[in-house]
Every structure is written in C-alpha cells, then in structure tokens.
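Q: Here is the input, now give the coordinates:
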Amino acid sequence: MIKTFEEKKFNIPKLKGISEKAIEIHLGLYAGYVKNVNELLQEKEYNRRFPFEFDGMRNHEAYFAHFEGGPQPFSNEGKFAKAGFDLEKFKAVALTRGVGWAIVYYDPISKQLMHSWVDEHHLGTLAGLSPLLVLDMWEHAYFIDYTPGEKKKYIEAFFENLNWQNVEENFKTATQ
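A: Model prediction:
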C-alpha cells in the first residue's frame, strides 16, 4: 500500500505586509499540491507531473513554516549567518525574472550554503541538498497585496515576518 501525504496545518500569525486573504489563497493552492501528489501516487504508470506537484508541496511547507512563531530577528552570531549567508545576494536571486523560488540550500559535501533560483517547483533544484530558506516568488504568493512591479516590497514583507529561528533549526538539522 502506498503511503499518502496529509496537508500540514500551519500556525501563521497575522503578518505585516502579507494579508490574511493572500495566505488563505496560498494555503488553498498548497492543499491542491497535496491532493495532486496523492492522486498521482495511485496511478499505475509514472506521470511526469509528479515532481512538479511533489516539490510544490514540499517548497510550500518550508515557506509557510518560516512564519510560524512570529517574526524572530536575524542574528549575525547564528550558525546560519556564520556559514556564509548573504542576504543581499538572496534578495537578488529572488528578483530573478519569471516565476519560481529563491532557495538557500546546504551542501553536506562541500559544507557550504548555496543560493539558487528554482524555476517552477522542480526545474533547477540542487540534488542532495537540504533547503534552509525558501521564498515563493510565484505571483500567487503576492498578487493580492502587490503588483508584479512591487516584488521588492513583497520580499521585504517576507523578511519582516520571517522567523529566523526556523532557518537556524533547518541549518542545524541539515548539518547534523
């Protein structure tokens, strides 16, 4: 029997610059990824859509988890910062034209952080690396509150609401 996935529930507080309506719509899209993953798992033949749906599910889980517990400040003394995180580089990656994800991964082989852009959900993922910081740059993540020309405002709102302790925990787990 194939094990299915359950939609995770997130305890997201009221956010500054990202409306409850935007989060509600976004969570609904996430629920669709979980549903589609489970349906595709039941098919007898491989479906090329599976990596898109699965990575969409996982990326959204990481993204929403960043808001849980409310905003917590970035620490230059944290292990994540000391590992070489470059906030300005990450913001530049997030401003890549098109839809996708800005992701900071940890590479356990080279023992370093890797800033990356992932088209769609599955095109450009870095094999074998653990995502630590995940920023959704698809229009559905910000179109309720911002125009496509206001991506910078959305990025700033994301960081204003980010619980950096979550990122530190991701880093700790990835480096164990």
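Q: switch to C-alpha atoms for all contacts and neighbour counts from now on
A: OK.
Q: the strands in the chain, which residues?
A: 100-107, 112-119, 130-136 (DSSP state E).
Q: Which of the ones you listed sits closest to residue 74?
A: Taking C-alpha to C-alpha as the criterion, strand 130-136 is the member of those that comes nearest to residue 74, at 12.4 Å.
Q: which neighbours does that closest one have in its sheet, and in what orientation?
A: Partners of strand 130-136 in the sheet, by DSSP bridges, are strand 100-107 (antiparallel).
Q: Give the buried residues for the partner strand.
A: Within strand 100-107, the residues scored as buried using 16 or more other C-alpha atoms under 10 Å are 100, 101, 102, 103, 104, 105, 106, 107.
Q: Widest-spaced pair of the residues you listed?
A: Of all the pairs that the buried residues of strand 100-107 form, the one spanning the most space (C-alpha to C-alpha) is 100 and 107, at 20.6 Å.
Q: Show me which helix runs longest in the chain.
A: Looking only at the chain and at elements set by DSSP state H, the helix with the highest residue count is helix 20-41.
Q: average model confidence for that one?
A: For helix 20-41, mean pLDDT rounds to 97.
Q: Now do stretch 3-18: distance to the chain's middle.
A: On the basis of C-alpha atoms, centre = their mean, to the nearest Å, the separation between the geometric centre of stretch 3-18 and that of its chain is 12 Å.
Q: ok, now stretch 80-92?
A: Its chain's average C-alpha position is 16 Å from that of stretch 80-92, according to C-alpha atoms, centre = their mean.
Q: follow-up on the earlier one: now the longest helix of the chain: buried residues?
A: Of the residues in helix 20-41, those buried under the neighbour-count criterion (16+ other C-alpha under 10 Å) are 20, 22-23, 26-27, 29-38, 40-41.
Q: Then stretch 2-13?
A: residue 12.
Q: Stretch 80-92 too?
A: Using 16+ other C-alpha under 10 Å as the test for burial, stretch 80-92 gives 80, 85, 90, 91.
Q: now for those, which pair is the farthest apart?
A: Within the buried residues of stretch 80-92, two members stand farthest from each other by C-alpha to C-alpha: 80 and 91, at 16.2 Å.
Q: Could you report the distance from residue 115 to residue 158?
A: Using C-alpha to C-alpha, to the nearest Å, one gets 17 Å for the distance from residue 115 to residue 158.
Q: Where do the helices of the protein begin and end?
A: Counting by DSSP H, the chain has these helices, from start to end: 20-41, 50-65, 79-82, 87-94, 151-161, 164-174.
Q: Does anything pack onto the first one? Which helices or strands?
A: Spelled out, that is helix 20-41. Contact partners of helix 20-41 among helices and strands, from 3 or more C-alpha pairs under 8 Å, 6 or more residues apart in numbering; DSSP states H and E: helix 50-65.
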